[in-house]
Structures are given as structure tokens and as C-alpha cells.
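Engineer: Fold the following for me, if possible:
(one chain, ligands or ions: 2)
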Amino acid sequence: MSSPDSASLNSDRRDQPPPTIELRDVRVVHRLRSGSIFRPDTISAVDGVSVSVRRGEVLGVVGESGSGKSTLARVMTGLQPVTEGLVLYDGEGFAGGRTARRELGRKVSVVFQDPSTALNPRLPVRETLVDPLRVHGIGSDASRLSRVRELLHLVGLPQSALEVMPRQLSGGQRQRVAIARALALEPEIIIADEPTSALDVSVRAQVLNLLTDLKQELGLGLVFISHDMSTVRFISDSIIVMHRGKVVEHDTTDRIFAGAQDEYTRALLAAAPSLL
Ligand code: ADP
Ligand code: MG
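Structural biologist: Ligands and ions are numbered 1, 2, ... in the order given. Below is the predicted model:
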């Protein structure tokens, strides 16, 4: 691992409160069904990763398919138990279990790659957005509806979207609904796992711009995961590069693009740039 600047990335933070999410030397071992005596039946999907995320920061996570990005995302959202290491939220350990995960859901929310599977096809947009508020017992019917209207506005959808079903929306509009739902509980951090990868090229930039605007308007923290370096560059303040479960590079976006230390990172940078 080459991260000569990890210390300087953290050095000016001694007086700050603890990060919203902090992973210390986290390892996740998945068991494979295909195991035999000739092949190992486990894989270290995440292998000794330490990283932290705060409000207002965008952390990009980049790496090829299978490098452990989604497993890392699941760890950050409390869905994936770790085999070794520590996961801290605001400096406190995470108990796990239903209640703790529900509480965590107010602080850390998630947007997945494919908005058509992430949304319940039988629920109109209004119900999709009211649901998290109701589950957490927030507000009255009237105040929930006005919050839903506000969420639609935030993600750039018209109020007429309220009664629409997911199938009546385009892919980009569906992802906006998924983002609105992720925002419903006013989280500190959103984990977005390849949120533009399933979208038409023409709408990817719009969804990226929306996330950037929301970060600025709401002071959100964002973990933006992608296999595509140019997408991650566009949105991130700092970047970790994953390769076979390990972080091979961790630095500010500017410094990585000015001169990556790690060989694998340089190979990623040299690969043909994609169209967002
Ligand atoms: P990425 O999101 O970067 O494509 P993943 O975190 O999905 O990477 O996967 C990392 C590795 O862990 C891959 O080899 C994948 O096959 C394996 N893996 C992921 N999830 C599971 C699981 N639930 N059970 C077994 N293996 C898994
Ligand atoms: Mg993935």
C-alpha cells in the first residue's frame, strides 16, 4: 500500500469530533459455495481496510469488479458483519441487531446501482417517500406529506410525480426517487454504490450533478462508489483505490491525478476514459 499522505490527510483533525463512520483494519471473509479441497472456500472481500468519512466530505471508492467495493459499502451501512476489525459511528462501536441498524438508518443511508429493483414497483412515489418517515414515527400525516413535497423539489422532480408508479418513470427519474428516499431522514452520510452505472449515458451527468448539489446544499457526506475513475474524479474530495479487497491508494483527488504512487492506480488512470 502506498499512502504517504494518510498522516497528513488526518493531521489537522485532532480537534474535530470523531468521524461519522470510521473503519479500523476491517476484514470481511466471505464463504464460497464452490469451495473444494483444491480451492480455498473463502475469500477476503475486504482485507484490512481503514478509512473514515465525515459530513460534507465526498469519499470516492474505485476499483474493478470484484475488488470489494460493495462489501465495503455494506459494512459502512451496518448490513455486513465484519470478520475482524472495528466499525465506529461517531466514535462509538456498533452493537448490530435490528434496533441499532434502524437507528443507524437515520444517520447513514444508501442508494443502490439499479433503481428499478431498489424501488417497490407496487408503491406510488408518494408512499415510497412517506415510508421511512412513518417507520421512524416522524411527524403527522400532514407534515410527512409536506416533507415528501420538499424531497421531490430537492431532487428536481415535479410535484406531479407524487402519484406516479415507478414503471412510469425513466431510469434517471427513478434514481432521483431513490435519492429522495435516501434523504428522507436527513442522514449525515449517503453511501451510493455505483448509482449511475445502470443509467443511460445521457442522464449519468445529471444524477452526478444532483449529488454534488445536494452535498453543497445539505452539507451531506457521500461515499461514491464506481468502477470508473473519471466518474469518481468528478465528484470526490478524496479517493481510495481498491484492489483485491485492499486499499492500494488513498489520497486527495488532486494528488492522485497529479501523480498516483501505486502501480495499479496508474494502470486504472491510463485505461481509456469512459463517458461518465
Ligand atoms: P465489487 O462491488 O467491487 O464488485 P464485491 O464486494 O461485490 O466487489 O465482491 C468482492 C468479492 O467478494 C468478489 O470476489 C465476490 O465474488 C465476493 N462476494 C461478494 N459478496 C459475497 C457473498 N455474499 N458471498 C460470497 N462471496 C461474495
Ligand atoms: Mg459492487
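
Engineer: longest helix of this protein?
Structural biologist: Criterion DSSP state H: the longest helix present in the chain is helix 201-218.

Engineer: The helix or strand that that helix is followed by versus helix 201-218: what angle between them?
Structural biologist: For helix 201-218, the succeeding helix or strand toward the C-terminus, using DSSP states H and E, is strand 221-226. For strand 221-226 against helix 201-218, the angle by axes from the mean of the first three to the mean of the last three CA atoms, to 10 degrees is 160 degrees.

Engineer: What is whichever helix or strand comes after strand 221-226 packed up against?
Structural biologist: As assigned by DSSP H and E, the chain's next helix or strand after strand 221-226 is helix 229-235. With contacts taken as 3 or more CB pairs under 8 Å, 6 or more residues apart in numbering; DSSP states H and E, helix 229-235 sits against strand 58-62, helix 201-218, strand 221-226, helix 253-259. Backbone N, C-alpha and C define where each C-beta goes, glycine included.

Engineer: Ligand 2 is nearest to which of those?
Structural biologist: strand 221-226 (6.9 Å; CB to the ion).

Engineer: For the nearest residue to G139 once chain neighbours are set aside, give me the pLDDT.
Structural biologist: The shortest distance from G139 to any residue other than its chain neighbours is 6.0 Å, reached at L133 (CB to CB, 6 or more residues apart in numbering). You'll see L133 listed with a pLDDT of 97.

Engineer: What about L133, how many residues nearby?
Structural biologist: A count of nearby residues for L133, using other CB atoms under 10 Å, gives 19.

Engineer: just checking, it is part of a helix?
Structural biologist: Yes. Counting by DSSP: H, G, I helix; E, B strand; the rest coil, L133 is found in a helix.

Engineer: which stretch of helix or strand covers the most centrally placed residue in the chain?
Structural biologist: The C-alpha lying nearest the average C-alpha coordinate of the chain belongs to I191 (CA atoms, centre = their mean; 1.9 Å). Using DSSP H and E, I191 sits within strand 189-193.

Engineer: which residues touch that strand?
Structural biologist: Contact with strand 189-193 is made by 20-21, 53, 55, 69-70, 73, 76-77, 107-113, 179, 182-183, 211, 220-225, as judged by CB atoms under 8 Å, 6 or more residues apart in numbering.

Engineer: filter the residues you listed by proximity to ligand 1?
Structural biologist: K69, S70 (CB under 6 Å from any ligand atom).

Engineer: Can you flag which of the contacts of strand 189-193 belong to strands?
Structural biologist: I21, V53, V108, S109, V110, V111, G221, L222, V223, F224, I225 (DSSP state E).

Engineer: Would you convert the helices and strands packed on helix 229-235 into TSV that also reports mean neighbour count?
Structural biologist: TSV is the format used below for those (neighbours: other CB atoms under 10 Å):
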stretch	mean neighbour count
strand 58-62	25
helix 201-218	16
strand 221-226	26
helix 253-259	15
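
Engineer: For the ones you listed, give me a markdown table that also has mean pLDDT and distance to Y89.
Structural biologist: Below are the helices and strands packed on helix 229-235 laid out as a markdown table (pLDDT from 0 to 100; distance: least, CB to CB, whole Å):
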| stretch | mean pLDDT | distance to Y89 |
| --- | --- | --- |
| strand 58-62 | 97 | 15 |
| helix 201-218 | 92 | 19 |
| strand 221-226 | 96 | 12 |
| helix 253-259 | 90 | 25 |
